[in-house]
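[1] Build the 3D model from these lines:
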Amino acid sequence: MSAPMTAPARLHLMVTVNAAWNLVNFRRGLIAALLADGHRLTVLAPRDAAATELETMGCRVVDLRMDRKGLSPLRDLALLWRFWRQMGRDRPDAVLGYTIKNNIFGALAARARGIPFLPTITGLGTAFLSGRGLQGLVEGLYRRAFAAAPVVFFQNADDRDLFLARGLVRPGQVRILPGSGVDPVRFPATPRPDHPPEAPVFLMIARVLRDKGVVEFAEAAGIVRARWPGARFRLVGPLGADNRSAIPADTVAGWHRQGLIEHLGELPDVRPVIAAADCVVLPSYREGMPRTLLEAASMARPCIATDVPGCRDAVVEGETGFLCTVRDGADLAHACARFIALSPEARETMGRRARDRVERNFDQAIVIAAYRAALAAIDTGGR
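    Numbers count the residues shown, from 1 in each chain. From the prediction side, this is the model:
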């Protein structure tokens, strides 16, 4: 797997994110590797069911009260104070940050405390998709927060180039990661399901948000099933997400009643549903590097995704899957029709190429090595 740490230092690391489940779902391998290296980890995040699993792994978890989707200046100032207070209490050697508010306000607090902060941009979020006013405010916060960061990790070149063009980071700070990586052993290549070619299962795994393209997924399902009634569209992901673009539960229930999609809810392990799918779909409006597409590719499943930053990095058009136009249910349906037209042998070849690409470029060992290198370079100033 991953190489041993390049520096003998054992550090107290704080990891902050807007939900503990984010670390368990997306960064379990990194957390385990840092603990195995002898580092002491404090997780600062809103406590949820995943917090117990992090504690079992060996992390200390500190509950962080925060409004993840709100725009209240007073609540955000209170969040900044909580970061500043907790960092003062714990005095970590470095802080790893994920998700927008934790990156911005965590970095501002760490800068005030003189603690190195290493943010990872996993996507730009609604702020960069909703208009100039809010985007300008967020850009100003990023510019100030990241000024002292020794390293800023990005998961695709588009996000990196945007931050550089806006002057939010300096060229010497930036590093690109292949997403959060995937464990090819935990997500092994699996045989294709024995479905008739004209009756495939299309699977989407995502929070039920408008920005993830769930509406377009339902629209495409209606178009495709009108021609191939045996085709099935399955959606895995939680309802009621704490996000401004969350889709109401009654809307999803209506799609289910119409026979457009099967909503399976949130699952603790997505491997069985990926194994039962012929093709995995993500019509998102923008991503950092979509973990679900990497997991599907690791299991030798072709993917369909929108031609947007992040998604187009995970899918090679015509080789490991197909790309479609963003916010366009009809074009997504066309991509699904292209998949249905493939022979079983062509689908097999596409899945094999997807798996090979994950092994070469997206193994989580690459991500772990990058964090180890960044931590080894940090001057802790004798703390």
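
[2] Just the residues contacting the lowest-mean-pLDDT helix or strand in the chain, thanks.
    Of the helices and strands making up the chain, the lowest-confidence element is helix 132-145, at a mean of 85, by mean pLDDT, DSSP states H and E. With contact meaning C-beta atoms under 8 Å, 6 or more residues apart in numbering, helix 132-145 is reached by 71, 100, 103-105, 107-108, 111, 119, 127-128, 163, 166-168. Every C-beta, even on glycine, is put in place using the N, C-alpha and C of the backbone.

[3] low-scoring stretches of this protein, by residue?
    Residues of the chain meeting the criterion pLDDT under 70: 1-8, 126-133, 241-242, 379-383.

[4] show me where it has strands.
    Using DSSP state E, the strands of the chain run over 12-16, 40-45, 60-63, 94-98, 117-121, 152-154, 174-176, 201-205, 232-236, 262-265, 279-282, 303-306, 321-324.

[5] can you redo these as a markdown table with mean neighbour count and distance to Leu141?
    Rendered in a markdown table, the data for the strands of the chain read as follows (neighbours: other C-beta atoms under 10 Å; distance: least, C-beta to C-beta, whole Å):
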| stretch | mean neighbour count | distance to Leu141 |
| --- | --- | --- |
| strand 12-16 | 25 | 16 |
| strand 40-45 | 22 | 19 |
| strand 60-63 | 16 | 23 |
| strand 94-98 | 26 | 13 |
| strand 117-121 | 26 | 12 |
| strand 152-154 | 23 | 14 |
| strand 174-176 | 16 | 18 |
| strand 201-205 | 24 | 31 |
| strand 232-236 | 22 | 33 |
| strand 262-265 | 15 | 35 |
| strand 279-282 | 28 | 28 |
| strand 303-306 | 27 | 27 |
| strand 321-324 | 25 | 32 |
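
[6] any idea how far Val214 is from Val208?
    Val208 is 6 Å from Val214, where distance means C-beta to C-beta, to the nearest Å.

[7] what residues do these two have in common as contacts?
    The overlap between the contact sets of Val208 and Val214 (C-beta under 8 Å, 6+ apart) consists of Leu235, Ile247, Val252.

[8] got JSON lines for those, with distance to Val358 too?
    As requested, the shared contacts of Val208 and Val214 are arranged in JSON lines below (distance: C-beta to C-beta, whole Å):
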{"residue": "Leu235", "distance to Val358": "23"}
{"residue": "Ile247", "distance to Val358": "30"}
{"residue": "Val252", "distance to Val358": "30"}
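
[9] Relative to Ala50, which of those residues is nearest.
    Closest approach to Ala50 among those (C-beta to C-beta): Leu235, at 21.7 Å.

[10] Would you confirm that that closest one contacts Val215?
    No. Leu235 lies out of contact with Val215 (C-beta atoms under 8 Å); the separation is 11.4 Å.

[11] Kindly reformat the strands of the chain as a markdown table and extend each row with distance to Pro272.
    Output for the strands of the chain, formatted as a markdown table (distance: least, C-beta to C-beta, whole Å):
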| stretch | distance to Pro272 |
| --- | --- |
| strand 12-16 | 29 |
| strand 40-45 | 28 |
| strand 60-63 | 29 |
| strand 94-98 | 27 |
| strand 117-121 | 29 |
| strand 152-154 | 31 |
| strand 174-176 | 32 |
| strand 201-205 | 11 |
| strand 232-236 | 10 |
| strand 262-265 | 10 |
| strand 279-282 | 13 |
| strand 303-306 | 18 |
| strand 321-324 | 21 |
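
[12] Quick one: closest of the ones you listed to Ala373.
    Among those, strand 174-176 comes nearest to Ala373, with 8.8 Å by C-beta to C-beta.

[13] mind listing what that closest one pairs with, with the direction of each?
    Strand 174-176 pairs in its sheet with strand 152-154 (parallel), by DSSP bridges.

[14] Check the offset of the strand it pairs with from the chain's centre.
    Centroid separation between strand 152-154 and its chain, computed with C-alpha atoms, centre = their mean, to the nearest Å, is 13 Å.

[15] So what touches that strand?
    Applying C-beta under 8 Å, 6+ apart, the contact partners of strand 152-154 are 118-121, 146, 160, 163, 169, 173-177, 288, 370, 374.

[16] if you set the cut-off to 10 Å instead, what comes out?
    Contacts made with strand 152-154 from outside it, assessed by C-beta atoms under 10 Å, 6 or more residues apart in numbering, are listed as 96-98, 103, 107, 117-122, 142, 146, 160-164, 168-170, 173-177, 288-289, 367, 370-371, 374.
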